[in-house]
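Student: What follows is a predicted structure for the sequence shown.
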Amino acid sequence: MGLSVVRWAHNYHLFTLGALSLIAATVARTALRQCCRNRGRLHITEMGLSYRVIATAFYVDNGKSLPADLLIVVRGRRALALGARKCRR
């Protein structure tokens, strides 16, 4: 996120996505460390959100040189759903 400040006019959107991912990961870690009823489900959901935001930032930054494939984000959504389902049991 530090390099986004150097080229702010070109990279402010990457800074925003990085900050959102950091916030989601911090909420996930806090949920796991504190004792609350749904901490496992909240942790998995927030870590999945953090992963998807970082994958989106990667595609935004390198989209011109990558094939138009969002399979990583789709797989992240499927893994997130499976993990949340396992926490219910």
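Tutor: Arrived safely.

Student: which intervals of the protein have sub-threshold pLDDT?
Tutor: 1-4, 64-89 (pLDDT under 70).

Student: most residues in a single helix of it, which one?
Tutor: Ranked by number of residues, the top helix in the chain under DSSP state H is helix 8-33.

Student: Pull out the buried positions in that one.
Tutor: N11, L14, F15, L17, G18, L20, S21, A24, A25, V27, A28, A31 (16 or more other Cβ atoms under 10 Å). C-betas here are computed from N, CA, C, even on glycine.

Student: pretty sure the second one is in contact with A57, am I right?
Tutor: Yes. The pair L14 and A57 passes the contact test of Cβ atoms under 8 Å, sitting 5.6 Å apart.

Student: Follow the chain on from the longest helix of the chain and name the next helix or strand.
Tutor: helix 39-62 (DSSP states H and E).

Student: which helices and strands does that following helix pack with?
Tutor: helix 8-33, helix 71-88 (3 or more Cβ pairs under 8 Å, 6 or more residues apart in numbering; DSSP states H and E).

Student: For the first one, which helices and strands make contact with it?
Tutor: This means helix 8-33. helix 2-6, helix 39-62.
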